[in-house]
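>>> Attaching a predicted model along with its sequence, questions to come.
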Amino acid sequence: MHKRTPLLFLLCLTACVAPNLPDDPLPIVPNDSLTAIDSLQITLADTLIAWDEATPSVSDYTETGLPVVYIETPDRSPIDTSADKLPTSGASIVICDANGDTLLVSLVTVKGRGNTSWKFPKKPYALKFSKKTAVLGMPGGKRWCLLANYTDNTALQNATAFRISELTGLAWTPRGRFVELVLNGKHQGLYFLCEQIRINENRVNITEDTQLTGGFIMEVDAYYDEPHKFMSKKMNLPYQFKVPKEVTNEQFNYMQTYINTLEEILCDVNRMALREWEEYIDVNSFVDYMFVQELAINHELWHPKSLFVYKDVDSKLFCGPVWDFDYGAFSTSFAEKEVAMVAFYFQHLMNDPVFRAVAKQRWKMLKGRFEEIPAFIDGQANLIHRSQLLNRTIWKYWKSPGKSGDEIPFEQGAMQLKRVYIQKLLWLNEHMQRM
């Protein structure tokens, strides 16, 4: 059982790490280990989840087998739940492992996060430490997220999509760990504690200099709610400067011109034939990002939402990192249809024979790795099994607007996720072979 150290006392403590850290998160597979294969071995017969022995329900969050994050605001004041999501500074955070041993004690600023997700009863949160802090074996960073996964009844979609991304050649994918959250003494259920998208040598590793024409993380998002933003001229896409927050006129004009020129090329048959687009984008990152979104069946690219690109000084435009798969992903309706390939810039790039040839070759190199995902879903489903049973007693089954039907048990939902992924993987393999 966890040692119940009074959290008010912990306000005066500095960060500390216990010697018995948990196992590191799953590593990113190096790109140079790619091996082309001709055929997949997996079939729809592999849908069933290999459950551990019968998992008993639990009534105490310290018995779920997951780390526990305790957050206490000063005087237990409530976190602002308005649309402004005003931050609460001076909160204490304590993280314990599954055995109850203390791994981290620190002060933190906490605030609400998200757009659609912020409107639901189970709230997601953003955390900011005063200095780069390693959390649960993940490399140091100031900013972290506690994802509620309220609209994902399995809570597995983000973790699964992130793992797909880690298996590609994308430079960085947010790392995360499942945890129990206790806020001001009240258990809030199962959360996914993960890295926030930021410029950092351990995250998006590009130049961070507010005076240079580079070092940008751009978000293409229909919410269009950042202070520095523009609609692209040709395709009317909502571009926002995610990092840096303060942008000079020179930086703004540079990036706007860069994006507008790229889109002019993509929409011009003659310039596409001359392959001018190759001067503007990093091809492999666009291909790999497209595969992640396609395998995750993420139709939020159509809006678009939570679509990130980044650009370093004097570099081409890179696609990524991936983000946000708890709502519009892994849809059974699009398991055998194009999703990402007909969205964003991919709808133009996939008509180009050179880009398509790169995609076909990348698919041959990557698809063997993608066969690892069903086993990953098995492992993660077993990991959070007890926690999900307890989480359902706090937060009831979520139904999308206008959707009727009975509550789906977690076990059935996890199996459906695994099935739709395998279905999509098999369909996409045939689709790439027919091109």
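Perfect, thanks for sending it. These numbers were taken from a predicted model, which means no experiment stands behind them.
>>> most centrally placed residue in the chain?
With distances taken as CA atoms, centre = their mean, Trp323 lies nearest the centre of the chain, 3.4 Å away.
>>> which ones are touching it?
Going by CB atoms under 8 Å, 6 or more residues apart in numbering, Trp323 touches 174, 197, 306, 308. Heads up, the C-betas are built off the backbone N, CA and C, glycines and all.
>>> Ala296: which of the residues you listed is nearest?
Nearest to Ala296, judged by CB to CB, of those is Ser306 at 11.8 Å.
>>> Leaving out the residues flanking it, which one is nearest to that closest one?
Asp324 (3.6 Å; CB to CB, 6 or more residues apart in numbering).
>>> The stretch 151-300 of the chain: strands as residue ranges?
Ranges of strands within the stretch 151-300 of the chain are 176-183, 186-195, 216-220, 229-231, 238-243, based on DSSP state E, counting those that start in this stretch.
>>> Those into TSV, with extra columns for mean pLDDT and distance to Asp38?
Formatted as TSV, the strands of the stretch 151-300 of the chain follow (pLDDT from 0 to 100; distance: least, CB to CB, whole Å):
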stretch	mean pLDDT	distance to Asp38
strand 176-183	98	34
strand 186-195	98	35
strand 216-220	97	36
strand 229-231	98	44
strand 238-243	96	40
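>>> between these, which gets nearest to Asn153?
That would be strand 186-195 among the strands of the stretch 151-300 of the chain, by CB to CB, at 11.3 Å.
>>> Now that closest one: buried residues?
Across strand 186-195, burial judged by 16 or more other CB atoms under 10 Å covers 187-195.
>>> Show me what it is in contact with.
61, 64, 66, 69, 122, 124, 135-136, 138, 141, 143-149, 155, 158-159, 162, 174-182, 202-203, 384, 387-388, 390-391, 394-395.
>>> Mind listing the strands it pairs with, and their directions?
strand 138-147 (antiparallel), strand 176-183 (antiparallel) (DSSP bridges).
>>> Show me the one of those strands that comes nearest Ala329.
With CB to CB as the yardstick, what comes closest out of the strands paired with strand 186-195 is strand 138-147 (13.2 Å).
>>> re earlier: of the contacts of strand 186-195, buried ones?
61, 64, 66, 69, 122, 124, 135-136, 138, 141, 143-149, 155, 158-159, 162, 174-182, 203, 384, 387-388, 390-391, 395.
>>> Gly379: which element?
Taking DSSP states H and E as the definition, Gly379 sits inside helix 373-383.
>>> helices and strands around that helix, which ones?
helix 157-166, helix 410-434 (3 or more CB pairs under 8 Å, 6 or more residues apart in numbering; DSSP states H and E).
>>> Out of the ones you listed, which is closest to Phe346?
In terms of CB to CB, the element of these nearest to Phe346 is helix 410-434, at 13.3 Å.
>>> Out of the helices and strands packed on helix 373-383, which is the most enclosed?
Each of those was scored by mean neighbour count; the highest is helix 157-166, a mean of 24, by mean count of other CB atoms under 10 Å.
>>> tell me what that helix is packed against?
By 3+ CB pairs under 8 Å, 6+ apart, helix 157-166 packs against strand 176-183, strand 186-195, helix 283-295, helix 373-383, helix 410-434.
>>> change it to 7 Å
helix 283-295, helix 373-383 (3 or more CB pairs under 7 Å, 6 or more residues apart in numbering; DSSP states H and E).
>>> Okay, angle between the longest one and helix 373-383 too, please.
Same thing as helix 283-295. In terms of direction (axes from the mean of the first three to the mean of the last three CA atoms, to 10 degrees), helix 283-295 departs from helix 373-383 by 60 degrees.
>>> Which elements pack onto helix 283-295?
helix 157-166, strand 317-319, helix 353-370, helix 410-434.
>>> Minimum distance to Glu338: which of the ones you listed has it?
Within those, the stretch nearest Glu338 is helix 410-434; the backing value is 7.5 Å (CB to CB).
>>> Tell me how many other residues crowd the closest residue to Trp144 other than its chain neighbours.
Spatial nearest neighbour of Trp144, chain neighbours left out: Leu127 (4.5 Å); criterion: CB to CB, 6+ apart. Leu127: 23 surrounding residues under other CB atoms under 10 Å.
>>> Same question for the strand or helix carrying Leu127: list its buried residues.
Leu127 is located in strand 125-135, with elements delineated by DSSP H and E. Going by neighbour count (16+ other CB under 10 Å), the buried part of strand 125-135 is 125-129, 133, 135.
>>> and if you look at stretch 35-55?
The neighbour-count criterion (16+ other CB under 10 Å) identifies 40, 42, 46-47, 49 as the buried residues of stretch 35-55.
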